[in-house]
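J.: Using only what follows, build the 3D model:
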Amino acid sequence: MAKPAAKPAEVEETEAVPVKKSNKKLFIIVAAVLLLLGGGGAAAWFMTQGSHESKGAHVEPAKPPVFLPLETFTVNLQGGESYLQTDITLQVAEEADAEAIKLQMPRVRSRLLTLLSSQNAESLGDPETKKKLVQDILVLMRQPFDPNGKPQHVSDVLFTSFVIQ
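T.: Next comes the predicted model:
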């Protein structure tokens, strides 16, 4: 009876070794599938996350900028020997802001002529002076035109032409 007892043990040993190898292969396959599914799920989540945020927040597309070109300015500079000829364009938030400024154009021109004519030809050649001039124009353009009026919504000042002679 020793033979029959030994035979099933051999069968169990031979079956036990392949089962262990098959468990390792199965584990590796399952781990690879889970890794791929997890990576794919994460990628899908990140891809759809941006579209959910934009749908939930109802973000409107950016409005195109509104530009208001002003008539050419020609002024004598400090010292009287040089003059400046420049074209200025204002950037405003909305078309309504541009219309409000157009209604006050004599005041706009007066403010700018006063500021521009107070400049010096030598200093206007410096880029930093031009940047400061842009900031000064912004301050002037944002001030209310009437004592109890609202400030203007001017976001930028652009020189489209700038000639000193």
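
J.: hey, let's count contacts and neighbours off CA atoms from now on
T.: Will do.

J.: got a pLDDT number for N23?
T.: For N23, the model assigns a pLDDT of 72.

J.: secondary structure element for it?
T.: Per DSSP states H and E: N23 is located in helix 2-57.

J.: Same check on L158?
T.: Assessed by DSSP H and E, L158 sits inside strand 154-164.

J.: so what does that strand touch, helix or strand wise?
T.: strand 83-92, helix 127-142 (3 or more C-alpha pairs under 8 Å, 6 or more residues apart in numbering; DSSP states H and E).

J.: Distance check, G41 against L26.
T.: According to C-alpha to C-alpha, to the nearest Å, G41 and L26 sit 22 Å apart.

J.: just to revisit the earlier point, can the helices and strands packed on strand 154-164 go into TSV with extra columns for mean neighbour count and mean pLDDT?
T.: Formatted as TSV, the helices and strands packed on strand 154-164 follow (neighbours: other C-alpha atoms under 10 Å; pLDDT from 0 to 100):
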stretch	mean neighbour count	mean pLDDT
strand 83-92	18	96
helix 127-142	15	94
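
J.: Can I get the ones you listed in CSV including distance to L115?
T.: Output for those, formatted as CSV (distance: least, C-alpha to C-alpha, whole Å):
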stretch, distance to L115
strand 83-92, 12
helix 127-142, 8
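
J.: so which of these gets nearest P106?
T.: Set against P106 and scored by C-alpha to C-alpha, the helices and strands packed on strand 154-164 come closest in helix 127-142, at 12.5 Å.

J.: Strand 154-164 and that closest one, what's the angle between them?
T.: Interaxial angle of helix 127-142 relative to strand 154-164 (axes from the mean of the first three to the mean of the last three C-alpha atoms, to 10 degrees): 130 degrees.

J.: Name the surrounding residues that touch helix 127-142.
T.: 108, 111-112, 115, 123-124, 151-158 (C-alpha atoms under 8 Å, 6 or more residues apart in numbering).

J.: how far is stretch 61-70 from where the chain is centred?
T.: 16 Å (C-alpha atoms, centre = their mean, to the nearest Å).

J.: That stretch: which residues count as buried?
T.: Residues of stretch 61-70 classed as buried by neighbour count (16 or more other C-alpha atoms under 10 Å): 66-69.

J.: I'd like the mean pLDDT over that stretch, please.
T.: Mean predicted confidence for stretch 61-70 is 91.

J.: Identify the residues contacting it?
T.: The contact list for stretch 61-70 (C-alpha under 8 Å, 6+ apart) reads 87-95, 98.
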